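Next come a sequence and a model predicted from it.
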Amino acid sequence: MMDLAVILCPLVAFLLYYNTLQAGFVYDDKRAILENADVASELSPLRDLMVHDFWGTPLNASGSHGSYRPLVTLSFRWTAHLVGVNHAYWYHWTNVLLHCVITAAVTMMAGRVSTLFLQENKQNELRHVNYVTGLLFAAHPIHCEAVAGLVGRADLLCTFFVLAGLVNYARRASLTMTLILTCTAFFSKEYGIMLAPICLLYDAVLAIHGHPRQPKRNNGMLYKQAILVLWSVALVAYRFWISDFQTPQFAKADNPTAASSSWTTRTLTFLYLPVFHFSLLLYPRWLSFDWSMDSIQPITCIKDIRNLVTLIFYAILVAAIRKTILAALAIIITTIPFLPATNVFAYVGFVAAERILYLPSVGFCLLVGIGVQKLLVIQQSHRTITCFSLLIVLLALGRRTIQRNNDWIDEEHLYRSGIEINPPKAYGNLGVVLQESGRLTEAEWNFKHALSYRPNMADVHHNLGNLFQQQGRFEESLQAYDLAILHRPQLAAAYSQKAKVLYKLKRWAEAERTLLACTQLTGHSQKDPNAHQSAKVSATILMADLLSQNASRAKEAEDWLLRASKLAPRNPLVYYQLGEFLSAQSRHDEAAEVFIQAVQIEPDSIAINLGAVLHVQGKFHEAEQVYLKALHLEHCGTLTSPRGQSLRFTDDRRNVNFLFPTLEFTESRQNIGKDPRIVLSRLLGFKWNVLQQLLRGPTGKIQKKKNKLRLSPTMKLF
């Protein structure tokens, strides 16, 4: 019976979540994986994972989100290393398999505890608890965000390690293993630290109910409990130490109740939020990718009817804990991991979140399993009705799970599904998706509709400004950027984009003032410090370009480019801009040195330009080696439709023309970023004719003949 349940329940979980394998990177996945240097860049040292947050920002930075999950980031990095960072399919496979493994673990645990705490002659009373618990856990739609959303891997890994640690502790096995599992759970997600309280309360429940498995209260037992507590305290202390003992600062919209000045509002609302989360477990009809802002109205007075619901909930909870040992254990697993999300220890950056219920749902499913089996025993004459009702519930939950997974297939479906619950956030995000797909009229409507709900959303004003800029509606875009800056004075991207519009309108003085203001922003408590820094770097480069239009200010332009290199010392594009600037001034030796720095950072991306600089310096052998390195490809896309005539390089520096036509190409999505030719042409605007010239020639050797350079027609690079 047990073996069949352990096979059946994970199989059901796999079938229900199979459709998530077709999903892409949505919502937070992009920032945590695609835009996270700790995952996407092999140049980022592994040690950074221990001092960076989940999004790749140093934990001691003022704008850090404070989410500490190095094991999850490491798992993303392994996947990126093995199959490439852009392959969402394999990330989703990992999540689905983890959910299946955890479902099997929950099923086994339910079967074990249902027999462990009963006398031999009563074991048959709970012989089906494992089936009910496992199937409910496999089918419950509250898990969709954790499984279908890639960042939910934090909850999956944390749950796995917590369950493993609890089982290890309950068996009175190795204390060392329990400590290791506590560490891995904590390094997967913060609430993993609650493994220690769960274990201690497990002992307390056994003692209160006088269970024979409760070990004697001796010095050895107290020693193990003390070690577990001290180890957990040490982990928390380490976490605060690496963040310089700073606590994250969240925007008011993320958790409006936390920003309330009323003690009554904060207390009543925070007491109600666990009740709301429990209601999602009972009736998961209304689900959303985001529960921030005003998606849940705060409780501002004692007359609110929700206070009565809160009172009833806690009364039932206390009564259930005292009822039976199994109910007490199930409630401990449900409530203790949820405590960090209750704002008791510190304010959190959300009002409600479905993903944080992944681990608590283990206890909930166990509680339901115990209750259903009790009904089967007590109401034996109605067993058929009970089983049929359970089947209907499981089918309904499974249908909702498949439906909800389809919402997570892509961002457009996801954001449309959240319109009823959080309209301003859903409309604002949907506008970005529509803009990226070229549906500008729809995007504009969504941006404006979002602002009709919440006019102070700086990001939406900024995105609307970008849309107007894309359409050439420059005056409207300037107004939108001004509103974005008004509502968030530290939004560097709005300053940078506003300056670009002013630059296009040739309003040089205004553009310079805007850029100067942008570069002076501190970025304190910005949600995305990396994006803030990137916007400042862009503004610095644009300032240099603006100043370089005036020959008398060339030195100032160079100083701004050098400043950009200090702001982003690992960004090859900065060095490319500086190299281009120096090359335009015929300072080819200095330009070559700068391009060499860029190549050291990202070997393939700047190689063609470095080759061109070496070429005009007359260093033909060195230029040849750099060109060949740039064209050394592995599994690259197919180049097609070259435009323009082949150009012969001369050894006369004055005759070298860098203004070649662009490159057209076809490639599969997987090859973007792997093919140096694609990277060079698309991202840096490098020239087709340089590549075309290298694909010709008798031997592949760069030769000097009649003051011309030519290549063999039989040249083969692959």
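Structure received.

Helix or strand: which one has T310?
Following DSSP states H and E, one finds T310 within helix 306-323.

So, low pLDDT: which residues of the stretch 551-700 of the chain?
Applying pLDDT under 70 to the stretch 551-700 of the chain flags residues 599, 602-700.

Let's see the helix holding T310 as PDB, backbone CA atoms only.
Taking Å, rounded to 0.1, in the frame of the first residue of the first chain, the C-alpha atoms of helix 306-323 are listed here in PDB:
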ATOM      1  CA  ARG A 306     -12.900  40.100   9.200                       C
ATOM      2  CA  ASN A 307     -11.900  40.500  12.900                       C
ATOM      3  CA  LEU A 308     -14.600  38.000  13.800                       C
ATOM      4  CA  VAL A 309     -13.200  35.600  11.200                       C
ATOM      5  CA  THR A 310      -9.700  36.100  12.700                       C
ATOM      6  CA  LEU A 311     -11.000  35.300  16.200                       C
ATOM      7  CA  ILE A 312     -12.800  32.100  15.100                       C
ATOM      8  CA  PHE A 313      -9.700  31.000  13.200                       C
ATOM      9  CA  TYR A 314      -7.300  31.200  16.100                       C
ATOM     10  CA  ALA A 315      -9.800  29.600  18.500                       C
ATOM     11  CA  ILE A 316     -10.100  26.600  16.200                       C
ATOM     12  CA  LEU A 317      -6.400  26.500  15.800                       C
ATOM     13  CA  VAL A 318      -5.800  26.300  19.600                       C
ATOM     14  CA  ALA A 319      -8.500  23.700  20.000                       C
ATOM     15  CA  ALA A 320      -7.100  21.500  17.200                       C
ATOM     16  CA  ILE A 321      -3.600  21.600  18.700                       C
ATOM     17  CA  ARG A 322      -4.900  20.100  22.000                       C
ATOM     18  CA  LYS A 323      -7.100  17.500  20.200                       C
END
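
Against which helices or strands is the following helix or strand past that helix packed?
Heading C-terminal from helix 306-323, the first helix or strand you meet, by DSSP H and E, is helix 325-335. If you count contacts as 3 or more CB pairs under 8 Å, 6 or more residues apart in numbering; DSSP states H and E, helix 325-335 packs onto helix 88-116, helix 195-208, helix 306-323, helix 360-378. Placement of C-beta: from N, CA and C, glycine included.

and helix 325-335, what's its mean pLDDT?
Average pLDDT, helix 325-335: 89.

can you give me the strands for the protein?
Using DSSP state E, the strands of the chain run over residues 638-639, 665-666, 703-705, 708-710.

about what we covered before: so which of the helices and strands packed on helix 325-335 comes closest to K506?
Among the helices and strands packed on helix 325-335, the nearest to K506 by CB to CB is helix 88-116 (43.1 Å).

and the closest one, what's its mean pLDDT?
The average of the pLDDT scores along helix 88-116 is 91.

If I take it and helix 360-378, what angle do their directions form?
With axes from the mean of the first three to the mean of the last three CA atoms, to 10 degrees applied, the angle from helix 88-116 to helix 360-378 works out at 40 degrees.

Mind giving me the packing neighbours of helix 88-116?
Contacts defined by 3+ CB pairs under 8 Å, 6+ apart place helix 88-116 against helix 2-17, helix 70-83, helix 129-139, helix 144-148, helix 153-170, helix 325-335, helix 360-378.

can I get those helices in a markdown table with mean neighbour count and distance to S114?
Output for the helices and strands packed on helix 88-116, formatted as a markdown table (neighbours: other CB atoms under 10 Å; distance: least, CB to CB, whole Å):
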| stretch | mean neighbour count | distance to S114 |
| --- | --- | --- |
| helix 2-17 | 18 | 10 |
| helix 70-83 | 19 | 31 |
| helix 129-139 | 27 | 4 |
| helix 144-148 | 27 | 25 |
| helix 153-170 | 24 | 14 |
| helix 325-335 | 23 | 7 |
| helix 360-378 | 21 | 7 |
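
Minimum distance to S243: which of those has it?
Closest to S243 of those, according to CB to CB: helix 70-83, at 13.0 Å.

that older thread, off-centre distance for the helix holding T310?
When distances are taken as CA atoms, centre = their mean, to the nearest Å, helix 306-323 is centred 36 Å away from the chain's centroid.

do stretch 250-264 as well
Between the centre of stretch 250-264 and the centre of its chain there are 24 Å (CA atoms, centre = their mean).

quick check: mean pLDDT across that stretch?
Regarding stretch 250-264, the rounded mean pLDDT is 86.

Just the buried residues of it, please?
For stretch 250-264, burial by neighbour count (16 or more other CB atoms under 10 Å) applies to 250-251, 253-258, 260.

on that earlier part again, report the angle between the helix holding T310 and helix 360-378.
Relative orientation of helix 306-323 versus helix 360-378 (the same axes, to 10 degrees): 70 degrees.

List the buried residues for helix 306-323?
For helix 306-323, a neighbour-count test (16+ other CB under 10 Å) marks 306-307, 310, 313, 321 as buried.

what's the closest of those residues to V432?
Set against V432, the nearest of the buried residues of helix 306-323 by CB to CB is R306 (33.8 Å).

How about the contacts made by the closest one?
Contacts for R306 (CB atoms under 8 Å, 6 or more residues apart in numbering) come out as 272, 275, 299.

Just the residues you listed: which are in helices?
272, 275 (DSSP state H).

Out of the contacts of R306, grab the one that's most surrounded.
Of all the contacts of R306, the highest neighbour tally under other CB atoms under 10 Å goes to I299, namely 23 neighbours.

Using PDB, write down the CA coordinates of stretch 386-399.
C-alpha atoms of stretch 386-399 as PDB (Å, rounded to 0.1, in the frame of the first residue of the first chain):
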ATOM      1  CA  THR A 386     -17.000  10.500   1.400                       C
ATOM      2  CA  CYS A 387     -14.800   8.900  -1.200                       C
ATOM      3  CA  PHE A 388     -16.800  10.300  -4.100                       C
ATOM      4  CA  SER A 389     -16.700  13.800  -2.600                       C
ATOM      5  CA  LEU A 390     -13.000  13.500  -2.100                       C
ATOM      6  CA  LEU A 391     -12.600  12.400  -5.700                       C
ATOM      7  CA  ILE A 392     -14.600  15.400  -6.900                       C
ATOM      8  CA  VAL A 393     -12.500  17.800  -4.800                       C
ATOM      9  CA  LEU A 394      -9.200  16.300  -6.100                       C
ATOM     10  CA  LEU A 395     -10.500  16.500  -9.700                       C
ATOM     11  CA  ALA A 396     -11.500  20.200  -9.200                       C
ATOM     12  CA  LEU A 397      -8.100  21.000  -7.700                       C
ATOM     13  CA  GLY A 398      -6.300  19.300 -10.500                       C
ATOM     14  CA  ARG A 399      -8.300  21.100 -13.100                       C
END
